[in-house]
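Colleague: have a look at this fold, sequence not included:
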């Protein structure tokens, strides 16, 4: 089988460009310069790992994002770096030809290929809501994954479910890790994920032949280890207490923090504020709109994109923690006032009764007691 | 029959005996008032973290409003948590009143009987309250729930705090699993943490009212007991 280096030379890449590419890859993975020769060595000696890219219930925004990767260039990633042997959206073959390639891959590279999944399988009606190539996607996913080395869940669809899994989720769209239980699933969430992140994750996996270090939820720590908020260039305004109060105010023009406009940066793990988008041109907050938290679990069902203390659908359409809190506290306050009033009346009544002798006998007793005391 | 409180009955006429019992030891009282200060600080700053104050003018370099508010919140959170640990320790080594708000005897029929008696007393259906050296059963339940909510607030609080400190921090290592337990989106944890704050505010309202009311109506001291440690029975 061809190595990465051979494939790149075949593409007309010079040795010099190849080494440059190795240093760039090391940099984008956050590795030191000592790793450059190691990457070069690996690319020169290792056969390219075949990648099968499956498309389930999705919108193809992950692919659209991936083909715009600038570091490494998508062209390099697809043609040289990985051996993307099956991707029904961008491959030249179609129909039976394409499916034949898939069958061959599974047979010839048993236990050695990586399955990248874009979108997720809907489980309702035996998976009939997604039916590519004449079989339900859930079955295709299970069949292809059975002999895979590892799975990459591209985007929020494959990682969490995304919009098709939002309430009430009529097709029962289910994230990949809940369907494929016996293989490692690397989540690369985002709607779509950042192209450079996608390319770097897949490069890391085929270069080092291992899974990147993952966090508790199965995301690569190198890109999902921090929140947007932690590296946001508007963070100083947050700490200073300078916020955009409405879309057209002075603060918005000055580039203040978008926290009050519902920015989900403080609860979103992604690399947007460092890697940015479109070859590092910008990202949502830089364009003046808050983060909507698209790489987080269930972000469609977590209330409005435009408030921080956000709505809690379980308590009604317009309820949020503060509205619930004020209502409960107000009700309790009124109840306490009423209770106190009744207590006061009752107490006065009882006192009067208690101080009146009930009959001469007890009266006499009390008198005795009083005298004792004195 | 075993009984937790003793019968208050009718006051015996005009003459009032005053007896006093030592109930709350110094560490318990100290914990109580430290927690009071922490809750006030945490609620005010916590509210302002979710709904910040109006923007301050000037350069970001010379302002740190949100920073100070969060600093106060985190510091008070630490103190509250350390206080809770201290309080749980004191439940082990202190007198039996130090235990009664942690270990509620819900398995005991007699306790439930008195619980419903207290409910009736609060609903004005009983003429005289029972007297308790420590907490009455309704108070016990309320205090125990508060403790659990406070523990919940510490867990969710430190989980959210760990997000800011980073994945290598002790808070993330120790409490990061809380976020996964809530489904993985920490926005959910923020919401629950805020609902927790409101439930503590609700508790404080009822707690303060009940203490003052009992102080007046059941002829035993409440408020001063938490200062001096002695409960006075005024008849």
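Modeller: Done, it's in. Fair warning: this is a prediction, and the values are worked out from it, not measured in the lab.
Colleague: residue contacts, residue A:282?
Modeller: Contacts for residue A:282 were tallied using C-beta atoms under 8 Å, 6 or more residues apart in numbering or on different chains; they are residue A:276. Where C-beta positions appear, they are placed from N, C-alpha and C, glycine not excepted.
Colleague: quick one, phi/psi of residue B:19?
Modeller: Backbone dihedrals for residue B:19, given as degrees, to the nearest 10, come out at phi -120, psi 150.
Colleague: distance of the nearest residue to it once chain neighbours are set aside from residue B:218?
Modeller: Closest residue in space to residue B:19, ignoring its immediate chain neighbours: residue B:233 at 4.9 Å, by C-beta to C-beta, 6 or more residues apart in numbering or on different chains. To residue B:218, residue B:233 is 9 Å away according to C-beta to C-beta, to the nearest Å.
Colleague: and for the two, which residues touch both?
Modeller: By C-beta under 8 Å, 6+ apart, residue B:233 and residue B:218 have these common neighbours: residue B:131.
Colleague: in chain B, which spans are strands?
Modeller: Ranges of strands in chain B, per DSSP state E, are B:19-22, B:230-233.
Colleague: turn the ones you listed into CSV, including mean pLDDT.
Modeller: Listed next are the strands of chain B as CSV, based on pLDDT from 0 to 100:
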stretch, mean pLDDT
strand B:19-22, 87
strand B:230-233, 88
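Colleague: can you redo those as TSV with mean neighbour count?
Modeller: Below are the strands of chain B laid out as TSV (neighbours: other C-beta atoms under 10 Å in any protein chain shown):
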stretch	mean neighbour count
strand B:19-22	13
strand B:230-233	18
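Colleague: contacting residues for residue A:229?
Modeller: A:235, A:238, A:265, A:266, A:267, A:268, A:273.
Colleague: can you rerun that using 10 Å?
Modeller: Shown in contact with residue A:229 (C-beta atoms under 10 Å, 6 or more residues apart in numbering or on different chains): A:235, A:238, A:257, A:259, A:263-269, A:273, A:285, A:291, B:163-164.
Colleague: again with residue A:40
Modeller: Residue A:40 makes contact with A:4, A:5, A:15, A:18, A:19, A:21, A:22, A:23, A:25, A:26, according to C-beta under 10 Å, 6+ apart.
Colleague: next one: the host helix or strand of it to chain centre, how far?
Modeller: When elements are assigned from DSSP states H and E, residue A:40 belongs to helix A:35-45. The chain centre lies 32 Å from the centre of helix A:35-45; the measure is C-alpha atoms, centre = their mean, to the nearest Å.
Colleague: please identify the buried residues of it?
Modeller: By 16 or more other C-beta atoms under 10 Å in any protein chain shown, the buried positions in helix A:35-45 come out as A:35, A:36, A:39, A:40, A:42, A:43.
Colleague: can you tell me the closest non-neighbouring residue to residue A:276?
Modeller: Counting by C-beta to C-beta, 6+ apart, the nearest residue to residue A:276 once its immediate chain neighbours are dropped is residue A:283, at 4.7 Å.
Colleague: how about the buried residues of helix A:35-45 in JSON lines, adding pLDDT?
Modeller: Listed next are the buried residues of helix A:35-45 as JSON lines, based on pLDDT from 0 to 100:
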{"residue": "A:35", "pLDDT": "87"}
{"residue": "A:36", "pLDDT": "89"}
{"residue": "A:39", "pLDDT": "83"}
{"residue": "A:40", "pLDDT": "87"}
{"residue": "A:42", "pLDDT": "82"}
{"residue": "A:43", "pLDDT": "79"}
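Colleague: ok, of those residues, which one's closest to chain B?
Modeller: Using C-beta to the nearest C-beta, residue A:35 comes nearest to chain B of the buried residues of helix A:35-45, at 21.1 Å.
Colleague: so the closest one sits against residue A:43, correct?
Modeller: No - between residue A:35 and residue A:43 there is no contact under C-beta atoms under 10 Å: 12.0 Å.
Colleague: I'd like to know how far the residue nearest to residue A:109 when sequence neighbours are not counted sits from residue B:25.
Modeller: Once flanking residues are discounted, residue A:109 sits nearest to residue A:50: 5.1 Å by C-beta to C-beta, 6+ apart. Shown here: residue A:50 relative to residue B:25, a distance of 71 Å by C-beta to C-beta.
Colleague: neighbour-wise, which of those two wins?
Modeller: residue A:50 (21 against 16; other C-beta atoms under 10 Å in any protein chain shown).
Colleague: torsion angles phi and psi at the more buried one?
Modeller: Main-chain dihedrals, residue A:50, degrees, to the nearest 10: phi -70, psi 140.
Colleague: wait, doesn't it sit right on residue A:206?
Modeller: Yes - here residue A:50 reaches residue A:206: they are 9.3 Å apart, a contact under C-beta under 10 Å.
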